[in-house]
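> pasted the sequence and its predicted model underneath.
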Amino acid sequence: AISSLPKAVLPVAADALPLPQSPVWVTLSPGPDGVWQASGLSATDPDGLAIQGLFLGDYGDSLAVDFDIARYYAPRDRALALEDAMRQGTVGVILTLAPDGRATLRGVVVDGVRHLDALF
């Protein structure tokens, strides 16, 4: 899930974690496959590309962050197909980031195929 970030990829010391319900920024870096991935966590807006969220807590091997993009609305048939693809792990998201790091969900990637939604 996009809100569950593995600690292994976020170099943050346990004593440097923000308090729950605090704003955080997750730095994004391109992965070897060209997909942008979480690469750091900061309590302040860092230089570079970062997505803003709300820190929810430390859950053992992962950190929970709410990016306010958990819902995606689609017609029933498409929604059911997306749910099936998500269970198989073949869905990614397409985001637009505002200068302050707030994200807007623009579309999905299913089995490598991009599906962008019209904004108007």
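It's in.

> what is the burial count for Val93?
Close neighbours of Val93, defined as other Cβ atoms under 10 Å, add up to 14. Any C-beta I mention is one placed from the backbone N, CA and C, and that applies to glycine too.

> which secondary structure element contains it?
strand 91-97 (DSSP states H and E).

> now do the next helix-or-strand element following that strand against strand 91-97, angle only.
Using DSSP H and E, the next helix or strand after strand 91-97 towards the C-terminus is strand 103-110. Counting by axes from the mean of the first three to the mean of the last three Cα atoms, to 10 degrees, strand 103-110 points 150 degrees away from the direction of strand 91-97.

> strand 103-110 packs against which elements?
helix 76-88, strand 91-97, strand 113-116 (3 or more Cβ pairs under 8 Å, 6 or more residues apart in numbering; DSSP states H and E).

> show me which positions of the strand holding Val93 end up buried.
Val91, Gly92, Leu95 (16 or more other Cβ atoms under 10 Å).

> can you say which of the helices and strands packed on strand 103-110 is packed in most?
Ranked by mean neighbour count under mean count of other Cβ atoms under 10 Å, those are led by strand 91-97, which reaches a mean of 15.

> gap between that strand and the chain center?
8 Å (Cα atoms, centre = their mean, to the nearest Å).

> with stretch 34-46 instead?
10 Å.

> for the closest residue to Ala14 other than its chain neighbours, give me its contacts.
Spatially, and ignoring its direct neighbours in sequence, Ala14 is nearest to Asp58 (7.3 Å; Cβ to Cβ, 6 or more residues apart in numbering). Taking Cβ atoms under 8 Å, 6 or more residues apart in numbering, we find Asp58 in contact with Ala14, Leu17, Ala64.
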